[in-house]
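Colleague: Pasted the sequence and its predicted model underneath.
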Amino acid sequence: MAKKKAFALRLNEEMLKAIEKWATDEFRSTNGQIEWMLMQYLKEHKRQPKQKDKE
C-alpha cells in the first residue's frame, strides 16, 4: 500500500457539504471520497500514479 501524506485542503463550505453527502451516500469517509474522486479524474485523464512492484 502506498504511503499517505497529510496536507491541508481548503474548500468552500458548500462544496464540502456536497462531498460529505456524496461520501455518506457511497458509504465512504469524506477523505475516502475525495481520494476516490481524485483517482477517478486521474484515470480519466490517463495520469494515474504508476503501480510499484510488490516485493
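Modeller: Great, that's in hand. Residues are numbered from 1 along each chain as shown.

Colleague: And W22, how far from K50?
Modeller: Remark: distance between W22 and K50 (C-beta to C-beta, to the nearest Å) = 28 Å. Bear in mind the C-beta positions are built from the backbone N, C-alpha and C, glycine included.

Colleague: Between those two, which is the more surrounded one?
Modeller: For W22 versus K50, neighbours defined as other C-beta atoms under 10 Å are more numerous around W22 (15 against 5).

Colleague: got the contact list for that one?
Modeller: Q33 (C-beta atoms under 8 Å, 6 or more residues apart in numbering).

Colleague: With only the CA atoms kept, save the host helix or strand of it in CSV.
Modeller: Assigned by DSSP states H and E, W22 belongs to helix 13-25. Provided in CSV are the C-alpha atoms of helix 13-25 (Å, rounded to 0.1, in the frame of the first residue of the first chain):
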residue,chain,number,x,y,z
GLU,A,13,-18.5,25.2,2.7
GLU,A,14,-21.0,24.3,0.0
MET,A,15,-18.5,22.1,-1.8
LEU,A,16,-17.5,20.3,1.4
LYS,A,17,-21.2,19.7,2.3
ALA,A,18,-21.8,18.2,-1.2
ILE,A,19,-18.8,15.9,-0.9
GLU,A,20,-19.8,14.8,2.6
LYS,A,21,-23.3,14.0,1.4
TRP,A,22,-21.9,12.0,-1.6
ALA,A,23,-19.5,10.2,0.8
THR,A,24,-22.4,9.2,3.0
ASP,A,25,-24.4,8.0,0.1
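
Colleague: need the next SSE after it, C-terminal direction.
Modeller: Following helix 13-25 in sequence, per DSSP H and E, is helix 30-44.

Colleague: so how many other residues sit close to the nearest residue to L9 once chain neighbours are set aside?
Modeller: In space, and not counting its chain neighbours, L9 is closest to I34: 7.5 Å by C-beta to C-beta, 6 or more residues apart in numbering. Counted with other C-beta under 10 Å, the neighbours of I34 add up to 17.

Colleague: Okay, I34 and K52: tell me how far apart.
Modeller: On the measure of C-beta to C-beta, I34 and K52 end up 22 Å apart.

Colleague: try E35
Modeller: Taken as C-beta to C-beta, the span from E35 to K52 is 17 Å.
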